[in-house]
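J.: everything below, folded, please.
(one chain, ligands or ions: 1)
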Amino acid sequence: MIRPFLKWAGGKRQLLPALRLHYPASFDRYIEPFLGSGAVFFDLCDTGRLAGRRAELFDLNPDLIGCYRAVRDRTEDVIAALDDLAARHQKHGADCYYDVRDGRFNPARRSSGPDRYTPELAAMFIYLNRTGFNGLYRLNRGGDFNVPAGRYENPRICDADHLRAVARVLRGRGVILERRPFDHALERAGAGDFVYCDPPYAPLSATSQFAHYTAGGFSPLDHLRLHQAVVDAAARGATIVMSNSSAPQMTAAYTGYAARRSGLRVERVPARRAINSRAASRGPIDELIISNARTVPAFAAASADKKVRAASEGDAASPMLKAELRPRQSRRASGT
Ligand SMILES: C[S@@+](CC[C@H](N)C(=O)[O-])C[C@H]1O[C@@H](n2cnc3c(N)ncnc32)[C@H](O)[C@@H]1O
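T.: Here you go, the predicted structure:
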């Protein structure tokens, strides 16, 4: 099973059951402008939906893209360095975390970009990600990573076989990984493309912004530009699936005339966030799935699953179901 190798604030693993209902049945190319830990990308790989297709993966965070590339290109060196950090963490716990963060990671990352990310930096990034507070990525004003240590009893730091499996997927023909802003990713999208867009969420209240991901943050103006880019890509024929917060300005923008005219519809789904450190505000909150994909309502998806199973198990009572599942053309030919 292939899954994200990073814990990422705002990662979408918990939303996958709702998002899967919007995956298009067919597409030529997959584009993801806000990759993060890649929950949807890895889900598509895991379920074979990306086989033989191009996948273009983008994110603006230089550490993130640098780390993915090092895992892809220098897998065994990353694993060796990470094994070493895991052994040291076992002995020294949080002291090791702060030594690595302040003494090695921050000084080294200042002089590197995604193209010069060494296996040692990638290993440190994975180590800090897996042992830091809630998989958060945050920089201080000076640009240094300043997330505090998390409180984990026995964190799984190095899963070597899984990293090798991830590297194989990333080395696949047609997989592109670049540090680019979302505009670049979206302006290339058109007919035949499936775009999954998961931007930093617009805050629900003045105090609820926790994840910054990049030095510049994601401003209301970025949300406006993203709205326009998504509407344009949908109008050019791309299949869009987007997750977003249910902040009133997001609901208003994506239920507005321009979005509706380009075929986008909004669905509210309950989601649980774990970014907030105050336990009281960790309860379920609605978020939005915005999409122009032809969706299968949950009850229909479940009943289609049953039909597929019944037909493939040769259920004697299902000739009608089999006819229903047969491709349209052959149905026409046999007159059913
Ligand atoms: C909510 S997270 C994506 C989470 C991802 N779907 C997952 O499953 O982990 C948003 C991502 O957008 C990236 N980002 C922030 N500003 C960006 C921009 N202007 N262009 C592209 N990516 C950006 C962040 O680095 C972050 O990884």
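J.: residue contacts, residue 18?
T.: Taking Cβ atoms under 8 Å, 6 or more residues apart in numbering, we find residue 18 in contact with 267, 269, 289. For glycine as for every other residue, the C-beta is placed from the backbone atoms N, C-alpha and C.
J.: now a ChimeraX select for only the buried ones of those.
T.: A single ChimeraX command selects the buried members of the contacts of residue 18 (16 or more other Cβ atoms under 10 Å):
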select :289
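J.: which one among the contacts of residue 18 gets closest to the ligand?
T.: For the contacts of residue 18, the closest approach to the ligand (Cβ to the nearest ligand atom) belongs to residue 289, at 12.6 Å.
J.: which of the three states applies to the residue nearest to the closest one when sequence neighbours are not counted?
T.: Residue nearest to residue 289 in three dimensions, not counting chain neighbours: residue 267, with 4.7 Å by Cβ to Cβ, 6 or more residues apart in numbering. When classified by DSSP: H, G, I helix; E, B strand; the rest coil, residue 267 comes out as strand.
J.: show me what contacts residue 267?
T.: Residue 267 sits next to 18, 288-291, 295 when contact means Cβ under 8 Å, 6+ apart.
J.: thinking again about what came up before, could I get the contacts of residue 18 as CSV with distance to residue 238 and pLDDT?
T.: Converted to CSV, the contacts of residue 18 look like this (distance: Cβ to Cβ, whole Å; pLDDT from 0 to 100):
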residue, distance to residue 238, pLDDT
267, 18, 96
269, 22, 94
289, 16, 97
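J.: nearest to residue 72 among the contacts of residue 18?
T.: Of all the contacts of residue 18, residue 72 sits closest to residue 289, with 29.7 Å by Cβ to Cβ.
J.: is it correct that that closest one falls within a strand?
T.: Yes - counting by three-state DSSP, residue 289 is part of a strand.
J.: that one pairs with what?
T.: residue 243, residue 267 (DSSP bridges).
J.: please tell me I have it right and it contacts residue 242.
T.: Yes - with contact defined as Cβ atoms under 8 Å, residue 289 counts as touching residue 242 (7.2 Å).
J.: farthest pair in the contacts of residue 267?
T.: Once Cβ to Cβ is applied, the contacts of residue 267 give 288 and 295 as the farthest pair, at 13.8 Å.
J.: which one of those two is surrounded by more residues?
T.: residue 288 (21 against 17; other Cβ atoms under 10 Å).
J.: which residue, neighbours along the chain excluded, lies closest to the more buried one?
T.: Sequence neighbours aside, residue 244 is the residue nearest to residue 288 in space, at 4.7 Å (criterion: Cβ to Cβ, 6+ apart).
J.: from residue 30, how far off is that neighbour?
T.: Distance of residue 244 to residue 30, given as Cβ to Cβ, to the nearest Å: 19 Å.
J.: equivalent analysis for residue 287, please.
T.: Applying Cβ to Cβ to residue 287 and residue 30 gives a distance of 22 Å.
J.: for residue 247, same thing?
T.: Remark: distance between residue 247 and residue 30 (Cβ to Cβ) = 27 Å.
J.: and for residue 248?
T.: 31 Å.
J.: do residue 17 as well
T.: Taken as Cβ to Cβ, the span from residue 17 to residue 30 is 19 Å.
J.: also residue 255?
T.: From residue 255 over to residue 30 (counting by Cβ to Cβ), the distance is 26 Å.
J.: of those two, who's got more company?
T.: For residue 255 and residue 30, the more surrounded residue by other Cβ under 10 Å is residue 30, and the numbers stand at 25 against 14.
J.: doesn't the more buried one lie inside a strand?
T.: Yes - the assignment for residue 30 by three-state DSSP puts it in a strand.
J.: so it touches residue 53, yeah?
T.: Yes - using Cβ under 8 Å, residue 30 is in contact with residue 53, at 6.0 Å.
J.: can I assume residue 56 sits in a strand?
T.: Yes - counting by three-state DSSP, residue 56 is part of a strand.
J.: let's verify the residue nearest to residue 179 when sequence neighbours are not counted: helix, strand, or coil?
T.: Distances taken as Cβ to Cβ, 6+ apart put residue 65 closest to residue 179, at 4.1 Å, once the chain neighbours are dropped. Secondary structure of residue 65, reduced to three states by three-state DSSP: helix.
J.: the residue of the stretch 201-336 of the chain found nearest the ligand: what's it in contact with?
T.: Minimum separation of the stretch 201-336 of the chain from the ligand (Cβ to the nearest ligand atom) falls at residue 213, amounting to 3.3 Å. Residue 213 makes contacts with 9, 36, 60-61, 137, 200, as judged by Cβ under 8 Å, 6+ apart.
J.: show me which pair in these is furthest apart.
T.: 9 and 60 (15.1 Å).
J.: what about these two, which has more around it?
T.: residue 9 (23 against 19).
J.: ok, that one touching residue 137?
T.: Yes - under the criterion of Cβ under 8 Å, residue 9 makes contact with residue 137 at 6.8 Å.
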